[in-house]
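Colleague: Provide a 3D model corresponding to the input given below.
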Amino acid sequence: MPDMARWSLSWRNPHTEPPGPRVLAAVLVERGQPCPAEVMAKWSPGCGYAIGWELVTQRPIRRWSTEAKGKARRRNLRARLEKRFPLFAEQWIAAELERRPSYYAGGEEDARPLAGGRA
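Modeller: This is a model prediction of the structure:
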């Protein structure tokens, strides 16, 4: 099934109440299709209504693998420490990897700050 999108003409003036219904028109189309003529025909500039587009179907959430999580955590740790403490970064990276090996391997251990404070 292709991704579906909704084109709508709805009230977007936050300072006033709409003179009619909050949504004047809404049409479901396949993603990538232009705004339908039936929605465009009801719109005029400065009327307080605006044409909007929103994705209706959602793809399944892709979870990171354990290896990818661990790699990203180690990369972020290195970048964070080298930026703030370039002279001591290697020592502190080694200490942190030793202190929490399962977290930096991609485990589900709770995220806690470094032993030496915020970094």
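Colleague: only C-alpha atoms for contact and neighbour calcs from this point on.
Modeller: Will do.
Colleague: Mind checking what secondary structure residue 51 has?
Modeller: strand (DSSP: H, G, I helix; E, B strand; the rest coil).
Colleague: Okay, it and residue 20: tell me how far apart.
Modeller: Residue 51 sits at a distance of 16 Å from residue 20 (criterion: Cα to Cα, to the nearest Å).
Colleague: so where's the chain shaky on pLDDT?
Modeller: Residues of the chain that meet the criterion pLDDT under 70 lie in 1, 110-119.
Colleague: For it, which segments count as strands?
Modeller: 4-11, 23-30, 49-55 (DSSP state E).
Colleague: Pull the residues that contact the first one.
Modeller: With Cα atoms under 8 Å, 6 or more residues apart in numbering as the test, strand 4-11 has contacts from 18, 22-31, 35-36, 39, 42-43, 48-57.
Colleague: again, only using 7 Å
Modeller: 18, 22-31, 35, 39, 48-57 (Cα atoms under 7 Å, 6 or more residues apart in numbering).
Colleague: and if you look at the second one?
Modeller: The set of residues external to strand 23-30 that reach it, using Cα under 7 Å, 6+ apart, is 2-11, 39.
Colleague: quick one: the residue nearest in space to the middle of the chain and residue 16, what's the gap?
Modeller: Residue closest to the mean C-alpha point of the chain, counted by Cα atoms, centre = their mean, is residue 61 at 11.8 Å. Between residue 61 and residue 16 the distance is 38 Å, computed by Cα to Cα.
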